[in-house]
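> need a 3D model of the sequence below.
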Amino acid sequence: MPDHWQQELHQHVEDIADELVELRRHFHAHPEPSGEEFDTSLLLYQRLSELGLTVAMGPEGCGVVADNSSPAPGSARIAVRGDIDALRIHDEKTAPYRSQNDGIMHACGHDAHATMAYGVAAVLSRLEKAGQVPWPLAWRAILQPAEETATGAKAMVAAGVMDNVAAIFALHVDPKRLAGVVGIRKGALTASCDAIKFTVIGQGGHGARPHESKDPIAATALLVSSLYQFVPRANDSLDGTVLSIGRIAGGENANVIPEQVEVEGTLRTLDAQVRAKSIDHIRQVLRGVEEITETRIEMEIPADTPAVLNDQTATELLRKAAIHTLGSKQVEKIPRPSMGSEDFAVYLEESPGAMFRLGVAKPGTEHTLLHTSLFDIDESALAHGVEILAHAIVLACSPECEFQSR
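Numbers count the residues shown, from 1 in each chain. This is a model prediction of the structure:
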C-alpha cells in the first residue's frame, strides 16, 4: 500500500494546528476539577458531533466517547484516550490564557491531552472523508474525567467504552523533554498506586497520665517508623517499592491524648506479586504494632490503580509513528519506569495498548514541572502528539496488524 496517506495525514494536522492551540488555551483558561468537568465535556461533545461522529456523554455528564462510522462485521476498534480534569492548584502564570477559575489549574497537561485526543478524531475524520485512508478504519476517542482521583477510567470502562476495542493508545506530556522529542518504553511505564488509610484507635486520656490511656499517637509514630523500615526491606532491592505517608491527623489539644489518629499514604510497586506481598507485609506490621501498643488499627484501600504495562506490538506501532513524524533521533528509549501512576492502566486490563511521553518543554526556558503553579507547555507539541497517535491508529487498523486478528 503506498504511503501517500501519511503525507495527507501530516497536511491535515497542519491545517488544524491553530485550532489545536485555540482549544488547548480555552481548556487551560477554564479548568474543572475531577468529577466536575461538565462544561469541558459539553464543549468536546459539541466539537466531536460537528465532525459527524457518533458521540455519547460519559457517566453523570462527565466525559465523552466518539466513534467513527460503524466498523465492518468482525472488525474491532482502536481507541485513543485523553483525560480532561484539572488540579486544585492556583495558577500563578501571567499568560493571557491563565486559569480564570481561582484555585483550579491544568497543572498536569490534561488540557493538552484532551485537545490532542480531539485532534486525532478531527484528522482521522478528514482523512476518511477525503478518501485518503489506506484501508477501512474503526476507531474510538475516549475523553475521560477524574484521572487525578483514579476513578474516571474505572467509571468509563464500567460504562462500556472498551467494548469491542482491540487496542488503545495514549500519551502524557513530559516537561523534562523538549518539544519535538518523545520517550517510548515497552513493558512497565508507571507503577501501581494504592491509596491506603489507617485508623489507629486507642483510649484517650490526660497528657499528664499516659499510663491511663492507650496512646494512638505513640502507636502511630511506631506504625509509620515500622512501615518505612520493614515494608521495602521485605522485597528484593531491585523491585521498586515506595511507601509514603502524606497525612497524619489526630488530636485537638496539646494536653489531651486523643481517642484515634488517621494516617493516609500510598504504596507504589511495578509488579503485581510485589504489590500483593507488600500489602500482606503491611498487615503483619499492623498486627505487631497493635500487640505492642494495645491499640486497634483499621486499614482500608479506598483507591487503587494498576501499573501501566505497555504492550510490545502497540509500543512498536507508536515508535514507528513517532519516527515517521519526528525522525529517529527524536525518539528516545525511556530507560526505567516511573514510580508515578496513571489510570490509563485500567484500560490496559481490558485490551492491550501503550502510552508514550511527549516532550513539551520550550527551548531556552526553565522547565516548569508537572503539578506546579507555573506549569505550561510549548504548544508546537500539540501537532506532534496528534500526528503520532493518529498515525499509530491507522497502522493498528491494518488488516495485517495482529490487533485485527486477535
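> can you give the domain ranges for the protein?
Structural domains annotated on the chain: 4-190+307-404, 192-305, as defined by automatic domain parsing.
> ends of the first one, how far apart?
In domain 4-190+307-404, first residue to last residue: 22 Å (Cα to Cα, to the nearest Å).
> pLDDT of it, averaged?
Per-residue pLDDT over domain 4-190+307-404 has a mean of 96.
> give the contact list for the residue nearest to the spatial centre of the chain.
With distances taken as Cα atoms, centre = their mean, the residue of the chain nearest its centroid is E342 (3.4 Å). Applying Cβ atoms under 8 Å, 6 or more residues apart in numbering, we find E342 in contact with 147, 172, 189-190, 305, 308, 355. Heads up, the C-betas are built off the backbone N, CA and C, glycines and all.
> turn the residues you listed into a markdown table, columns for neighbour count, distance to H113 and secondary structure.
Listed next are the contacts of E342 as a markdown table, based on neighbours: other Cβ atoms under 10 Å; distance: Cβ to Cβ, whole Å; DSSP: H, G, I helix; E, B strand; the rest coil:
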| residue | neighbour count | distance to H113 | secondary structure |
| --- | --- | --- | --- |
| E147 | 25 | 9 | coil |
| H172 | 26 | 7 | strand |
| L189 | 28 | 15 | strand |
| T190 | 25 | 15 | strand |
| T305 | 24 | 17 | strand |
| V308 | 29 | 14 | strand |
| M355 | 25 | 11 | strand |
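> now for these: which two are most distant?
Across those, the longest distance by Cβ to Cβ is 15.0 Å; it joins E147 and L189.
> in stretch 165-184, what's buried?
By neighbour count with 16 or more other Cβ atoms under 10 Å, stretch 165-184 contains the buried residues 165-175, 177-184.
> narrow those residues to those in strands?
When DSSP state E is applied, these are split such that 165-175, 177-178, 182-184 fall in strands.
> strands of the stretch 1-150 of the chain, start to end?
According to DSSP state E, counting those that start in this stretch, the stretch 1-150 of the chain carries its strands in the segments 54-57, 64-67, 77-83, 139-144.
> which of the ones you listed sits closest to D236?
strand 77-83 (32.7 Å).
> what lies in contact with the closest one?
Contact with strand 77-83 is made by 67, 71, 110, 113-118, 120-121, 137-145, 147, 152, 161-162, 164-170, 344, 347, 351, 353, 389, 393, 396-397, 403, as judged by Cβ under 8 Å, 6+ apart.
> the longest helix along the chain: how far from the chain's middle?
Ranked by residue count under DSSP state H, the longest helix found in the chain is helix 272-293. Centroid separation between helix 272-293 and its chain, computed with Cα atoms, centre = their mean, to the nearest Å, is 28 Å.
> mind listing what's buried in that helix?
Residues 274-275, 277-279, 281-282, 285-286, 289-290, 293 are the ones in helix 272-293 that count as buried (16+ other Cβ under 10 Å).
> take these and lay them out in a markdown table including pLDDT.
Shown next, in a markdown table, are the buried residues of helix 272-293 (pLDDT from 0 to 100):
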| residue | pLDDT |
| --- | --- |
| V274 | 94 |
| R275 | 94 |
| K277 | 95 |
| S278 | 96 |
| I279 | 96 |
| H281 | 96 |
| I282 | 97 |
| V285 | 97 |
| L286 | 97 |
| V289 | 98 |
| E290 | 98 |
| T293 | 97 |
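> and these, which is closest to E14?
Set against E14, the nearest of the buried residues of helix 272-293 by Cβ to Cβ is R275 (44.3 Å).
> I figured S99 hits F27, correct?
No. When contacts are counted by Cβ atoms under 8 Å, S99 is not listed as touching F27 (10.1 Å).
> any idea where the helices of the stretch 251-400 of the chain begin and end?
Using DSSP state H, counting those that start in this stretch, the helices of the stretch 251-400 of the chain run over 272-293, 312-326, 344-348, 381-396.
> gap between L317 and T149?
30 Å (Cβ to Cβ, to the nearest Å).
> and the two? Which one has more around it.
Comparing L317 with T149 by other Cβ atoms under 10 Å, the one with more neighbours is L317, at 26 against 14.
> so that one sits against L395, correct?
Yes. The criterion here is Cβ under 8 Å, and L317 meets it with L395 at 4.9 Å.
> ok, residues contacting the longest helix of the chain?
With contacts defined as Cβ under 8 Å, 6+ apart, helix 272-293 is touched by 192, 194, 196, 198, 202, 214-215, 218-219, 222-223, 226-227, 230-231, 234-235, 239-241, 243, 267, 269, 295-297, 299, 301, 306-307.
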